[in-house]
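K.L.:
Sequence and predicted structure, then a few things I'm wondering about:
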2 protein chains.
Amino acid sequence: MTDTTPTESQAPLAIDVHCHVVPDSFPPPPAGAGSDAWPSVRLSCTCHGTVFMGGRKYREIDDRCWNLQRRQQDMDAAALGIQALSPMPELLSYWLPAEEGARICRFLNEQIAGMVAGSPRRFVGLGAVPLQDVPRAIEELRFLMEQLGLHGVEVGSNVADISIGDARFRPFFEAAQALGAAVFVHPLRPAGMDRLVGPPILEQMLAFPGEIALAGAALITGGTLESLPGLRVCLSHGGGSLAQILPRLEAGWRKLDSLQAHMQTSPTALARRMYYDLCVFDPAIAAFVLDSFGDDRVVIGTDYPFPLREETPVRFVEGLGLDAGAREKLLWRNARGFLGMD
Amino acid sequence: MTDTTPTESQAPLAIDVHCHVVPDSFPPPPAGAGSDAWPSVRLSCTCHGTVFMGGRKYREIDDRCWNLQRRQQDMDAAALGIQALSPMPELLSYWLPAEEGARICRFLNEQIAGMVAGSPRRFVGLGAVPLQDVPRAIEELRFLMEQLGLHGVEVGSNVADISIGDARFRPFFEAAQALGAAVFVHPLRPAGMDRLVGPPILEQMLAFPGEIALAGAALITGGTLESLPGLRVCLSHGGGSLAQILPRLEAGWRKLDSLQAHMQTSPTALARRMYYDLCVFDPAIAAFVLDSFGDDRVVIGTDYPFPLREETPVRFVEGLGLDAGAREKLLWRNARGFLGMD
């Protein structure tokens, strides 16, 4: 018996592309700002606090959101080598005036860069850009890539109800391709909330999957992916329900000339250019995502440190019954490709 | 070589639960009505026409929408024995004042009953009820079941943006259970339309699956299914993306005490009480739906006669690689159970 099982030898390499950061304090809102949604944190002790968006209580958090030591303990326990740190999505602040949004993004990017600098072998950064103002977003993207050394950005599935696939965001995606920035897409203020019947937590369970699926679909049908073949995009939550919607889109595209005139590349081929995380909670869904998009496209994502997260991602991958090559892709190889780490 | 292959001997039994009717003419709007959405059809020849909702052009149709002979030819060609006729969903008219909606529903129900009477071995009927007024809807449900001999109703996934899982519709579902009425749920004016980027036809490809999934989820999380164990509900379009959302809901329900306090039965167990049609266009999706809900729950649905439909449903079922027992369930046995034909 050797002292190095395959699990142990691979585990330190495993990369989680979906894990969030909330700093433990925020700068005050700028004087005279339209600051009814400016984020802040009120600590109740050294390790627990509450996030507020302006005066609105948003979420209880703890120091896993900002404390590198606690994160690394949890990463070690889960056999994760690297986390790609991204802001808690509500912090993206697309609803603030552009200048205020840009300030929040700059603050978040510097915080994340500071965390990466604190343990550069364990963390890489996915920053924030103020997409309510595309030229500013491009400027901040360049700054976070060239000055802060982050690996890319997290973007919401929509920007104040405008789909991320809308043509107005094309210059941002062009800049991301040109700068080699990874783009991690996360559900944000999802569509369909008025269709839920039950407690508020259902938002994350029921509305997120459709929202991220429609964001991915819009990147397909809106032309972003077709026009930018070098763009690296990852959809969170396994792409939500995209795998199940895609065959329907593909069937329509094959059948309807009007849709083929609108997009020359098949929806399935475009979908397979994106990456998908494994924050799906079920081996059958993981297998379905793998079948739909291919084992070159699937990466670990946990939603750490929030309550509805994948707690044992390496064990989850190892339980999928894949061969060693595919397992290696899911654990770290695909994530390095998405993040541009090679 | 015998002259009766399994396909030929089974085909006449096959039942399509998802196929729509549009009458070739409508009564005029009532005098003094708020009739800006009253439906009508203008024929351009004996076999083609245009549906209008008030002054708004809605869809081009042809005589397959109303002509029993054409339908039966198409059914024979597709090896279908029986169609369950339901209104084109936009005709449900939930946005009209209740009295006008009730008039349209009565008209549709009598039209459908007339079609069934024209060929009672080939057709059964799923009628319409004015859910914008629940007591009227119950009254019409009783009429169409007891006086017209229909087998149930088609309902929209929402009623003027109120989810069909909302508590206000519970008395209607109680009546459906008491009367033994099948309830076929179809997407209608779906959520997420503002997330689509591309031509209008994307509504059916991209927004329908999420809309019907959220309707099914609301019947689960809102308590309708839990409180009415004898209710027979079928979700169209394979339940849309419900199969992919359900494990996430199940994971949350298992993890969060607050959600278990809200609903005692597991979401998966409740989902498996519903039926799902096979209007999914892809064998992999069909297999996924079967794995998710079980082969007792899956029925043929084509969306006949509209352009994006399953044209060879029997061949589709036979291509799924099922054993004879499961194939028989999908072709007709489950549909007879859902429709209450036994």
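P.N.:
Alright, I've got the coordinates.
K.L.:
Quick check: the closest residue to A:P171 other than its chain neighbours vs A:V298, distance?
P.N.:
Of all residues not flanking A:P171 in the chain, A:V134 sits nearest, at 5.6 Å (Cβ to Cβ, 6 or more residues apart in numbering or on different chains). Where you see a C-beta, it was placed from the backbone N, CA and C, and this is true even at glycine. Distance from A:V134 to A:V298, counting by Cβ to Cβ, to the nearest Å: 30 Å.
K.L.:
Who has more neighbours out of those two?
P.N.:
Neighbour count, other Cβ atoms under 10 Å in any protein chain shown: between A:V134 and A:V298, A:V298 has more, with 28 against 19.
K.L.:
isn't the more buried one right next to A:L278, touching?
P.N.:
Yes. Using Cβ atoms under 8 Å, A:V298 is in contact with A:L278, at 6.2 Å.
K.L.:
Now list whatever residues contact both of the two.
P.N.:
Residues touching both A:V298 and A:L278 by Cβ atoms under 8 Å, 6 or more residues apart in numbering or on different chains: A:A286, A:V289, A:L330.
K.L.:
Only the buried subset of those, as a PyMOL command please.
P.N.:
Buried residues among the shared contacts of A:V298 and A:L278 (16 or more other Cβ atoms under 10 Å in any protein chain shown), as a PyMOL selection:
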select buried, chain A and resi 286+289+330
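K.L.:
out of the shared contacts of A:V298 and A:L278, which one sits closest to chain B?
P.N.:
If you rank those by distance to chain B using Cβ to the nearest Cβ, A:V289 comes first, at 8.8 Å.
K.L.:
Excluding chain neighbours, give the residue nearest to the closest one in space.
P.N.:
A:V289 sits nearest to A:G238 (Cβ to Cβ, 6+ apart), 4.7 Å away.
K.L.:
isn't A:G49 right up against A:K57?
P.N.:
No. Under the criterion of Cβ under 8 Å, A:G49 makes no contact with A:K57, lying 11.2 Å away.
K.L.:
who has more neighbours, these two?
P.N.:
Between A:G49 and A:K57, counted using other Cβ under 10 Å, A:G49 has the larger neighbour count: 22 against 10.
K.L.:
Just give the nearest non-adjacent residue to the more buried one, would you?
P.N.:
Closest to A:G49 by Cβ to Cβ, 6+ apart is A:L43, at 4.1 Å.
K.L.:
Show the pLDDT at the one you found.
P.N.:
A:L43 is assigned a predicted lDDT (pLDDT) of 96.
K.L.:
residues contacting the residue of the stretch 1-150 of chain A found nearest chain B?
P.N.:
Using Cβ to the nearest Cβ, the single residue of the stretch 1-150 of chain A nearest to chain B is A:E60, 13.4 Å away. Contacts for A:E60 (Cβ under 8 Å, 6+ apart) come out as A:H48, A:G49, A:T50, A:V51.
K.L.:
swap the cut-off to 7 Å and go again
P.N.:
A:T50 (Cβ atoms under 7 Å, 6 or more residues apart in numbering or on different chains).
K.L.:
that's a strand at it, yeah?
P.N.:
Yes. Counting by DSSP: H, G, I helix; E, B strand; the rest coil, A:E60 is found in a strand.
K.L.:
got the end-to-end distance for stretch A:160-177?
P.N.:
One end of stretch A:160-177 sits 23 Å from the other (Cα to Cα, to the nearest Å).
K.L.:
List the contacts of the residue nearest to the spatial centre of chain A.
P.N.:
Centroid-nearest residue in chain A: A:F184, 3.8 Å away (criterion: Cα atoms, centre = their mean). Contact analysis of A:F184 by Cβ under 7 Å, 6+ apart lists A:V17, A:S86, A:L126, A:G152, A:E154, A:C234, A:S236.
K.L.:
same thing but 6 Å
P.N.:
Shown in contact with A:F184 (Cβ atoms under 6 Å, 6 or more residues apart in numbering or on different chains): A:S86, A:L126, A:E154, A:C234.
K.L.:
Please name the strands paired to the helix or strand that it is a member of in the sheet, noting orientation.
P.N.:
Per DSSP states H and E, A:F184 falls inside strand A:182-186. Strand pairing for strand A:182-186, determined by DSSP bridges: strand A:152-156 (parallel), strand A:233-235 (parallel).
K.L.:
what comes up buried for the longest one?
P.N.:
By that I understand strand A:152-156. Quick answer for strand A:152-156 (16+ other Cβ under 10 Å): A:G152, A:V153, A:E154, A:V155, A:G156.
K.L.:
circling back: hmm, A:V280 and the residue nearest to A:V289 touching each other?
P.N.:
Yes. At 4.1 Å, A:G238 counts as touching A:V280 under the criterion of Cβ atoms under 6 Å.
K.L.:
Mean pLDDT and distance to A:W253 for the strands paired with strand A:182-186 - can I get that in JSON lines?
P.N.:
Formatted as JSON lines, the strands paired with strand A:182-186 follow (pLDDT from 0 to 100; distance: least, Cβ to Cβ, whole Å):
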{"stretch": "strand A:152-156", "mean pLDDT": "98", "distance to A:W253": "25"}
{"stretch": "strand A:233-235", "mean pLDDT": "98", "distance to A:W253": "19"}
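K.L.:
closest to A:A78 out of these?
P.N.:
Among the strands paired with strand A:182-186, strand A:233-235 comes nearest to A:A78, with 19.5 Å by Cβ to Cβ.
K.L.:
what's that closest one in contact with?
P.N.:
A:V183, A:F184, A:V185, A:I212, A:G216, A:M274, A:Y275, A:Y276, A:F338.
K.L.:
I'd like those laid out as TSV, including distance to A:L68 and pLDDT.
P.N.:
Putting the contacts of strand A:233-235 into TSV (distance: Cβ to Cβ, whole Å; pLDDT from 0 to 100) gives the following:
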residue	distance to A:L68	pLDDT
A:V183	25	98
A:F184	20	98
A:V185	26	98
A:I212	28	98
A:G216	32	98
A:M274	30	98
A:Y275	26	98
A:Y276	28	98
A:F338	23	98
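K.L.:
Neighbour-wise, give me the winner out of these.
P.N.:
A:Y276 leads these on contacts (other Cβ under 10 Å) with 32 neighbours.
K.L.:
Give me the nearest residue to that one, chain neighbours excluded.
P.N.:
A:G239 (4.5 Å).
K.L.:
ok, the one you found to A:L246 distance?
P.N.:
For A:G239, the distance to A:L246 - Cβ to Cβ - is 9 Å.
K.L.:
more neighbours, those two?
P.N.:
A:G239 (31 against 28).
K.L.:
from what I can see the more buried one touches A:A215, true?
P.N.:
No. Look at A:G239 against A:A215 with Cβ under 6 Å: they stay out of range, at 9.2 Å.
K.L.:
Next, show the common contact partners of these two.
P.N.:
Common neighbours of A:G239 and A:A215 (Cβ under 6 Å, 6+ apart) do not exist.
K.L.:
What's the local residue count around A:P229?
P.N.:
A:P229: 10 neighbours (other Cβ under 10 Å).
K.L.:
give me the element it is part of.
P.N.:
A:P229 is located outside every helix and strand, with elements delineated by DSSP H and E.
K.L.:
Look up how far chain B lies from it.
P.N.:
Separation of A:P229 from chain B (Cβ to the nearest Cβ, to the nearest Å) stands at 19 Å.
K.L.:
Any idea how far the strand holding A:F184 is from the middle of the chain?
P.N.:
5 Å (Cα atoms, centre = their mean, to the nearest Å).
K.L.:
and that strand, C-alpha only, in CSV?
P.N.:
Extracted in CSV, the C-alpha atoms of strand A:182-186 (Å, rounded to 0.1, in the frame of the first residue of the first chain):
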residue,chain,number,x,y,z
ALA,A,182,-12.2,34.7,-18.0
VAL,A,183,-15.9,35.6,-17.7
PHE,A,184,-17.8,33.8,-15.0
VAL,A,185,-21.6,34.4,-15.4
HIS,A,186,-23.7,34.1,-12.3
